[in-house]
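Q: My questions are about this predicted structure, shown below with the sequence.
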Amino acid sequence: MSAQRRTPVLKFTIKMQKKLLVLFLFILAAFVGLSVRLFLINRDNGEEYKKQVLSHQEYDSAIIPFKRGEIVDSNGTVLAVSNKVYNVILDTKLLLRKEEYLEPTLNALKRFFDIDVDAVRAYIAGHPESSYYVMAKRVEYEKKTAFEEFCDDEEQGANIKGVWFEDEYKREYPNGSLACDLIGFTTGDNAGTYGLEEYYNNILSGTNGREYGYLNDDSTLERTTIAAKDGNNIQLSLDANIQTIVEKYLKEFDEEYKDNARPGNGAENIGCIVMDPNSGSILSMASYPVFDLNDVRNTENLIGMPLLDKDGKRVRTDGVAEYVTQESIAGMNDEVMYQHLNALWKNFCIVDAYEPGSVFKPFTVAAALESGSITGNETYNCEGFLHVGDYKIKCHQTFGDGPLTVQQGVERSCNVVLMNVAFALGKTEFVNYQHSFNFGLKTNIDLAGEPRTASMIYHEDNIGMTDLATNSFGQSFNATMIQVITGFCSLINGGNYYAPHVASRITTADGATIENIEPRLLKQTISRSTSDKIIEYCNTVVSGEKGTGHTARPAGYMIGGKTGTAETLPRGNNEYVVSFMGYAPADDPQVVIYVVVDRPNVVFQDDAKYATRIVRKILTEVLPYMNIFMTEELSDTEREELEQLQIQIRTPQGAEPEEELDEEGNPIPKEGEEGSPAEGEGAAPAEGEEGSEEEPAGPNEAWKDFPLDPETGYLVDPATGDYYDPQIGTQVGRGDSQAEESGEGTGEGTGGEWSPAPPPGDGEDTGEP
C-alpha cells in the first residue's frame, strides 16, 4: 500500500493575531491623531486654508460699465450721449478644444468685423490657455446682432466657438462741431477733457458694476452681481438754436476773409458770447475755427491757424507770421502736433487774454460816476491827442473832435475824454473799481480752462499816470472775453454782478432733478442810477449821429453797445483786435452779445465794423427767435432781408408807429420812402459811399473833403495816405510810408507816438494768457 502525501494546514496563531491587533490599533491611533489634527487645523486656520482652496478654483469676472450722463441744451436737444457698443472677446482655450472650430471662427470674425486673422492666429499660438483677448473694440449693435444670427444657424455657425461680447459705451455728439469748445470731449478711458465734459466729469461719470462667478464644490457656477450706477445728466442754459445761428455767421466771416490779405483763416480767432444779463446764463458761446467732437484729431481743422513751435509760440520768418498748411502738418512731430491740437481745442472765449480796447470805456465812466469823481456834465476838449508824461497819446479821431461831453466821448469813443475821466477818478479808485468789476479775477464759470489773470492788470503800487491813461480806454492790461461780458452785464442791469454759468439743472439717469442751478448774485458793482446813465451813453453809440456802432443795429430793433479796437504787441505792427459789445432792447436789456475778431485777415484791421456786422447778422435772427418785439420802422431793404431769412416781423399787438411831423406839420418820410435817409444799416450813409449833399467840412472834419478810394471804400488823406471811415471820420489805416517810418498806431484804440511797456504779464502777442 502506497504512502499518501498530506497537505500542511496553515494556522492563524495567537502570535499572528497579536501582531494584527497591534497594527490595527496603530492605524486606529493614527486615524484618531489625524482627525484630531484636522479638527485643530480647521479650528485654528480654517479660514486661511479655505481661501487658499478657493483661490485654486475656477472663477470668472466681468465689469459692467456705467453709462456717462447726457448733456442737453435748454430745450432738451441732446448735445452729448453715450451709446452702448461692444468689444469682441476671444476665449482661446475654448476655441482650441476641437481642431474643427478654428477656421470657421476666424473666417466669421474676418467677415463680420474685418479682424486681422493673422494677428489672431499669432496670439492663439502664443497664448493657448488665454480666456480673454480683445479682438475688436466698440462694435455697433447691428454688427453684433448679425454675427450672433449667423452663429445661431445650425449649419453655418455650428463650429464657431470661443467668441463673446463685452458691453461698453461710446461717447457721441449728434451735432458734430456744434458748441465744440464749450462741450469738450472724452478720452478713451471715458474721462472728460476740456469744457463741460471736464468741469462736470465727476457728475457725468457713474460707477462701474461687476459680476463675479466661480465654481462651487458641486461644480455649480455661482454668480454675484453689483449693478453699475449711471452718471447724471446736465441740462444747459445754452440754446442750440441760438448757438447754430452764431456759428453760422462766424463761419460765414471766415469764408469771406479766408486767404484775403494773407494766407490763413479769416481771423486768428473769432469769438462770440450771448448772455442773459439778468441771470448770468450763457445762451451761446462759440469761436472759430471749430472741430468735430466725433473726430477731434482730424488735422484738416488746423489748416489756416497760426503755426506754432514745440513750446506753443508763434513761428515767424523775417518778422512775418506763418500759418498751418498741409505741408507743415506732414512735418510735425507729436510734440508740435499736440501744441496745435491744444490751440484748436481750447475755448478762446474763456482762455485767451487780450487788450479789450474801447469796449472798456463804459467801465471807466461808470467808476467815475459811481465814485462821484464826475457828474457826467463835464466837457473836455479833444485836439486829437493828449500829452501824458513823455508820451503823446492820440485819439482815433486824429483831427480832434473839439469840446465833447462825457456822453459824446462814449458815443464817439474819444480817447482824450476817457483819459481825462480817468485822471478825475484817480489811480486808487480806478484800480479798486477795476477789481470790483472782476478784472484780474476768475469769473469761475463752470467750464474747464479759465486762467488766472491777476498778473495781467495793474495794482495801486505799480500803476503810473501813463498806465492809467491807456487803461482808461482798454489798453495796457489784459482780460478774457468772459470777464469783459460778465462785468459789462452789471453795467446795464442795475449793477448786479452775476456769476456766469452754462449748466442750469442736474438730473439723474431717469430724469429726477438733483439740483437746479440758480443765478448767483455775487456783488453790486454800481447803483441803478449809474447803470441808467451807462445805458443812456451806450445807446448813442448805435443811435447817435457820430456813434461808432451804427452798423451793429439789426433790422427792426434799436440796441445799445460799445465798439472796441485794440492795438496788439508790438505797437505799430498794424495788427488789431476789434470787437463790439451790444445789448437789446436798448431801453430794457434782455440779451447781451459780445463779438471779438482777433486780427482779421484784411489790410486795415483797425475797423470795428468787422465785429459790428457779425453782431447785426446774429441779432437779426436771434431777437425774433427770443420773441423780442421790433420797435423800429423797417426800410424796404430790411423787409426784403427778413423775407429772405424767413423771419417773421414781430411787433407788439396793436402798436402803430406814430407819424413824425416837421415844424410845418408835414409828415417826415420814413426810411425807404422818397426823401428818406439812406436805407440799410442805420441812417448813416452806406459803407463805402459818401453822404449826399454833405455839409461843408468844419475845422475838425477835414476828412469830409478827402477823396473816396473805390477799392477799399475808405476816404484817403492825399497828404499822408491815411484812410478814414467815410461815415464818422475815424482813422482806420495808415499810408505805407508813414507806417514804415513812424510805426504809429491808429484806429479806435490808440494813437501813434505812444508805445509804453506791454501789459503786466503779457506774452509775445495778445493771444497768450
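A: Yep, that arrived. As the structure is a prediction and not an experimental result, all values here were calculated from the model.
Q: What average pLDDT does stretch 157-175 get?
A: Confidence for stretch 157-175, expressed as mean pLDDT, is 90.
Q: Pull up the distance across that stretch, start to finish.
A: End-to-end distance for stretch 157-175: 39 Å, by C-alpha to C-alpha, to the nearest Å.
Q: Return the set of buried residues in that stretch.
A: 157, 160, 161, 162, 163, 166, 168, 169, 170, 171, 173, 175 (16 or more other C-beta atoms under 10 Å). Every C-beta, even on glycine, is put in place using the N, C-alpha and C of the backbone.
Q: show me where the stretch 401-550 of the chain has helices.
A: Along the stretch 401-550 of the chain, the stretches classed as helices by DSSP state H, counting those that start in this stretch are 406-412, 415-425, 427-436, 465-471, 481-492, 528-543.
Q: pLDDT of the fifth one, averaged?
A: Which is helix 481-492. Rounded mean pLDDT across helix 481-492 is 98.
Q: related to what we said a few turns ago, want to try TSV for the helices of the stretch 401-550 of the chain, with distance to residue 29 and mean neighbour count as columns?
A: Formatted as TSV, the helices of the stretch 401-550 of the chain follow (distance: least, C-beta to C-beta, whole Å; neighbours: other C-beta atoms under 10 Å):
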stretch	distance to residue 29	mean neighbour count
helix 406-412	111	25
helix 415-425	107	25
helix 427-436	93	19
helix 465-471	102	22
helix 481-492	89	26
helix 528-543	103	21
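Q: can you tell which of the ones you listed is closest to residue 590?
A: Checking those against residue 590 by C-beta to C-beta gives helix 481-492 as the closest, at 10.4 Å.
Q: I'd assumed residue 156 was in a helix, is it?
A: No - applying DSSP: H, G, I helix; E, B strand; the rest coil, one finds residue 156 to be coil, outside a helix.
Q: Run through the stretch 1-150 of the chain and note the low-pLDDT ranges.
A: 1-12, 46-60 (pLDDT under 70).
Q: need the helices for it, in chain order.
A: 14-55, 92-95, 102-113, 117-126, 141-152.
Q: Which strands or helices does the shortest one pack on?
A: Translated: helix 92-95. helix 117-126 (3 or more C-beta pairs under 8 Å, 6 or more residues apart in numbering; DSSP states H and E).
Q: neighbouring contacts of the helix it packs on?
A: Helix 117-126 is contacted by residues 90, 92, 95, 96, 102, 106, 107, 109, 110, 130, 133, 135 when judged by C-beta atoms under 8 Å, 6 or more residues apart in numbering.
Q: Please apply the same query to stretch 436-443.
A: By C-beta under 8 Å, 6+ apart, stretch 436-443 touches 363, 367, 434-435, 450-454, 456-457, 477, 479, 482-483, 486-487, 490, 497, 499-500, 523, 525.
Q: list the contacts for residue 598?
A: By C-beta under 8 Å, 6+ apart, the residues touching residue 598 are 267, 268, 269, 270, 271, 348, 352, 354, 577, 766, 767.
Q: farthest pair in the residues you listed?
A: Greatest spatial distance among the contacts of residue 598 (C-beta to C-beta): 270 and 766, at 14.0 Å.
Q: Show me what the strand ranked longest in the chain pairs with in its sheet, parallel or antiparallel.
A: Scanning the chain for the strand with the most residues, using DSSP state E, yields strand 78-90. Note on strand 78-90: by DSSP bridges, its sheet partners are strand 71-72 (antiparallel), strand 133-139 (antiparallel), strand 163-172 (antiparallel).
Q: now for those, which one comes closest to residue 561?
A: The nearest among the strands paired with strand 78-90, by C-beta to C-beta, is strand 71-72 at 31.1 Å.
Q: for the stretch 601-750 of the chain, which spans come out with low pLDDT?
A: Ranges of the stretch 601-750 of the chain meeting pLDDT under 70: 648-700, 735-750.
Q: can you rerun that using 90?
A: 604, 606, 634-750 (pLDDT under 90).
Q: the strands in it, which residues?
A: 715-716, 723-724, 731-733 (DSSP state E, counting those that start in this stretch).
Q: do you know how far the closest residue to residue 502 other than its chain neighbours is from residue 136?
A: Once flanking residues are discounted, residue 502 sits nearest to residue 282: 4.8 Å by C-beta to C-beta, 6 or more residues apart in numbering. Distance, residue 282 to residue 136, using C-beta to C-beta, to the nearest Å: 40 Å.
Q: Pick out whichever of the two has more residues nearby.
A: residue 282 (28 against 18; other C-beta atoms under 10 Å).
Q: Pull the contacting residues for the more buried one.
A: Contacts of residue 282 by C-beta under 8 Å, 6+ apart are 182, 236, 237, 238, 273, 274, 275, 445, 500, 501, 502.
Q: distance of it from residue 456?
A: From residue 282 across to residue 456, the span is 23 Å (C-beta to C-beta).
Q: Repeat that for residue 497.
A: Distance, residue 497 to residue 456, using C-beta to C-beta: 19 Å.
Q: What of residue 720?
A: Taking C-beta to C-beta, one finds residue 720 at 35 Å from residue 456.
Q: Next: residue 320.
A: 27 Å.
Q: And residue 139, by the same measure?
A: Residue 139 is 49 Å from residue 456, by C-beta to C-beta.
Q: Counting neighbours, go ahead and name the busier of those two.
A: residue 456 (23 against 19).
Q: any idea how far the more buried one lies from residue 462?
A: 12 Å.
Q: Same check on residue 92?
A: Look at residue 92 and residue 462: by C-beta to C-beta, they are 70 Å apart.
Q: now residue 109
A: Using C-beta to C-beta, residue 109 is found at 69 Å from residue 462.
Q: go on, residue 283?
A: 38 Å.
Q: So which of these two has more stuff around it?
A: Each of residue 283 and residue 462 has its neighbours counted (other C-beta under 10 Å); residue 283 has more, 24 against 10.
Q: So that one sits against residue 246, correct?
A: No - counting by C-beta atoms under 8 Å, residue 283 does not reach residue 246; the two are 9.1 Å apart.
Q: any common contacting residues for those two?
A: Taking C-beta under 8 Å, 6+ apart as the contact rule, residue 283 and residue 246 both touch residue 274.
Q: sorry, back to before: for residue 151, which of the strands of the stretch 601-750 of the chain is the nearest?
A: Closest of those to residue 151 is strand 731-733, at 71.8 Å (criterion: C-beta to C-beta).
Q: Paired strands for the closest one, with orientation please.
A: strand 723-724 (antiparallel).
Q: Run through who's touching the partner strand.
A: For strand 723-724, contacts defined as C-beta under 8 Å, 6+ apart pick out 604, 703, 706, 709, 712, 714-717, 730-734.
Q: Could you do stretch 464-476 as well?
A: Applying C-beta under 8 Å, 6+ apart, the contact partners of stretch 464-476 are 355-361, 364, 386, 388-391, 393, 413, 415, 418-419, 421-423, 427, 430, 434, 458, 463, 477, 564, 566-567, 749-750, 754, 756-759.
Q: what about it, average pLDDT?
A: 95.
Q: Residue 295: neighbouring residues, count only.
A: For residue 295, the number of neighbouring residues by other C-beta under 10 Å comes to 13.
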